[in-house]
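*Asks:* One predicted model, sequence on top.
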Amino acid sequence: MKDSNETHIIRCAIYDRVSTDIQAQHGLSLDTQKELLTEYALSQGYEIVDYYVDEGLTARKKLQDRRELIRLLHDIQADKIDLVLVTKLDRWFRNVKDYHNTQAVLEKHRCNWKTVLEDYDTSTADGQLKINIMLAVAQNESDRTSERIKVVFEHKKRNQEHLSGPIPFGYRVADKRLVKDERTRIITEDIFRQYFACLSKRKTIAYIQNCYKDQSPTANQINRMLSSEVYAGMRYGRMGYCEPYISQEQHHRILSVCGSRTCPSTKEPYLFGQLMKCPCCGSSMTGFVKKHNCKDGSVSLYKRYRCSRKFGAHSGGACITENRIELYLLQNLFPQLEYCIYLIRRRQVLIPPRDNTWKITSEMERLNLLFQKGRVSPDYYENQYEKLERSLRYESKRQEALPMQPPAKEEKTVSGNWKTLYKLLDYEHRKCFWRSILAEITIDRETHQICGFQLLADRYGGRFS
């Protein structure tokens, strides 16, 4: 507050904050706080400069996350405010460190603060001591509450219970667990079926929304579904969290395909979009259609690929036609696939896969049942469950390192007279064929010609994704 000898009207700011839990329990809504603070300011003859409202935020949030509080501090630093009004201390802060940092700003600009429902005085040593004690108590209470919530959440995770938050599309909550929702099950299954048919999120979204209209999930929902581990039955790093829609291998396949390319800026289809990197700068090479005027007056259209930053970061980068890439791959694909299949078969013989996951999860369920019936002590339960969790994590990592079953599907894809069959495919199916096999096509930095390619099977530990 400014010097008491000055006769100008005190300029006050009203700071209003509420978190959803407090609002529900005690009724200290934003409107209630605003009404109380406004009445007090008018009764004291203060001039209200502005209202600063942080809604749905706890007082333990970092300062940079409380936007209205930051705006308030900027106005204080601009010497626009003499006094800050709040209802209670815990509406202001519950963090001792943040309080002292803010208090330093207020003192520098001769600005005070006041609570209208509590008696605090920052102008005396006793008042400062009282504030520090109350803030320390409030912070300790908040920390203890946070610890209790974490313990409850960990217990729910161990029991594979659904925590608070939105329920994934295709599921519902029954007995505190996620189970398949029969009302949306067909749509969910169709989403994954369509994706594996085209390996394109964009086409999957268009197909689902066109087929199911208002019943379809949004584009953002479908996009998240295709990358979510929940639909493979895993959550919080725990296998068997819920009934899966797809296998773990299918989930890894989605991630590998999505991770190897980005969404193109054009709807024009390209066989090898986002599979090549510029040898000069490492940026993705994008497709474009080139027009060529023939001597007979006709116009020939053909597709080429160039660096997406060619006209910005550098010039004279690689530029190669789609036909040339396709011809190179058709000539060189089969030998590399044959060698990859040989390696997988060899590893299969050397290390036969064994999956003990079901044994561990069954033992965890048995232990949960014994604990619920009171037949084991809490200490014994915690100790044994922790051992089983470690075993489950180890088994999951071990299974990921083991080779898959012999790739009969991939062998069938590239066996026989596959080149002849490839020529019978339409453009979209050719694109799907290359997307399901290739991870990257390499361009030579000197010659700007194709010098090799990498299979998804090579990139992901000898597995066909």
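*Replies:* Structure's in. What do you need? Numbers count the residues shown, from 1 in each chain.

*Asks:* now Leu42, nearest residue through space, not along the chain?
*Replies:* Across the structure, with Cβ to Cβ, 6 or more residues apart in numbering as the measure, the residue nearest Leu42 apart from its sequence neighbours is Ile48 (7.9 Å). (Each C-beta comes from the backbone N, C-alpha and C, glycine too.)

*Asks:* Please point out which parts of the helix or strand containing the one you found sit buried.
*Replies:* Assigning secondary structure by DSSP states H and E places Ile48 in strand 47-55. For strand 47-55, a neighbour-count test (16 or more other Cβ atoms under 10 Å) marks 49-50, 52, 54 as buried.

*Asks:* same question, stretch 365-381
*Replies:* Of the residues in stretch 365-381, those with enough neighbours to count as buried (16+ other Cβ under 10 Å) are 367, 371, 376, 381.

*Asks:* Looking at the record's assignment, how would you partition the protein?
*Replies:* Described in terms of automatic domain parsing, the domain architecture of the chain consists of the residue ranges 11-144, 171-259.

*Asks:* could I get those domains as JSON lines with mean pLDDT?
*Replies:* Conversion of these to JSON lines gives the following (pLDDT from 0 to 100):
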{"stretch": "domain 11-144", "mean pLDDT": "78"}
{"stretch": "domain 171-259", "mean pLDDT": "86"}
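
*Asks:* Now tabulate the ones you listed in TSV and tack on distance to Glu161.
*Replies:* Conversion of the domains of the chain to TSV gives the following (distance: least, Cβ to Cβ, whole Å):
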stretch	distance to Glu161
domain 11-144	20
domain 171-259	4
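
*Asks:* Tell me which of those domains sits nearest to Arg306.
*Replies:* Nearest to Arg306 among the domains of the chain is domain 171-259; the distance by Cβ to Cβ comes to 22.1 Å.

*Asks:* how close does Val86 get to His429?
*Replies:* In this structure, Val86 and His429 are separated by 65 Å, where distance is defined by Cβ to Cβ, to the nearest Å.

*Asks:* Excluding sequence neighbours, find me the nearest residue to Ile81.
*Replies:* Leaving aside its chain neighbours, Ile81 sits nearest to Ala13 (4.7 Å; criterion: Cβ to Cβ, 6+ apart).

*Asks:* What's the local residue count around that neighbour?
*Replies:* 25 (other Cβ atoms under 10 Å).

*Asks:* got it, and Met225?
*Replies:* Using other Cβ under 10 Å as the criterion, Met225 is surrounded by 23 other residues.

*Asks:* Look at Gly374 and tell me its secondary structure.
*Replies:* The local conformation at Gly374, judged by DSSP: H, G, I helix; E, B strand; the rest coil, is coil.

*Asks:* Check Leu163 too.
*Replies:* Quick answer, by three-state DSSP: Leu163 is coil.

*Asks:* Could you number the chain from 20 rather than 1 from now on?
*Replies:* Fine by me, first position is 20 from now on; the one you just mentioned is Leu182.

*Asks:* Now that the residue nearest to Leu61 has come up, it's in contact with Tyr59, right?
*Replies:* No - when contacts are counted by Cβ atoms under 8 Å, Ile67 is not listed as touching Tyr59 (10.5 Å).

*Asks:* what pLDDT does Asp477 get?
*Replies:* Per-residue pLDDT puts Asp477 at 60.

*Asks:* Over to the one 4 residues further on?
*Replies:* The predicted local distance difference test score for Gly481 is 41.

*Asks:* Leaving out chain neighbours, which residue sits closest to Ser235?
*Replies:* Using Cβ to Cβ, 6+ apart, the nearest residue to Ser235 is Gln228, at 4.6 Å.

*Asks:* what's the spacing between that neighbour and Gln234?
*Replies:* When distances are taken as Cβ to Cβ, Gln228 and Gln234 turn out to be 10 Å apart.

*Asks:* So which of the two has more stuff around it?
*Replies:* Neighbour count, other Cβ under 10 Å: between Gln228 and Gln234, Gln228 has more, with 16 against 12.

*Asks:* any idea which element the more buried one lies in?
*Replies:* Taking DSSP H and E as the criterion, the element that holds Gln228 is helix 220-231.

*Asks:* That helix: what's the following helix or strand?
*Replies:* The first helix or strand that comes after helix 220-231 along the chain, using DSSP H and E, is helix 238-246.

*Asks:* Could you check the angle that next one makes with helix 220-231?
*Replies:* Taking axes from the mean of the first three to the mean of the last three Cα atoms, to 10 degrees, helix 238-246 and helix 220-231 form an angle of 120 degrees between their directions.

*Asks:* Of all the domains of the chain, which one comes closest to His467?
*Replies:* Of all the domains of the chain, the one in closest proximity to His467, counting by Cβ to Cβ, is domain 190-278 (25.9 Å).
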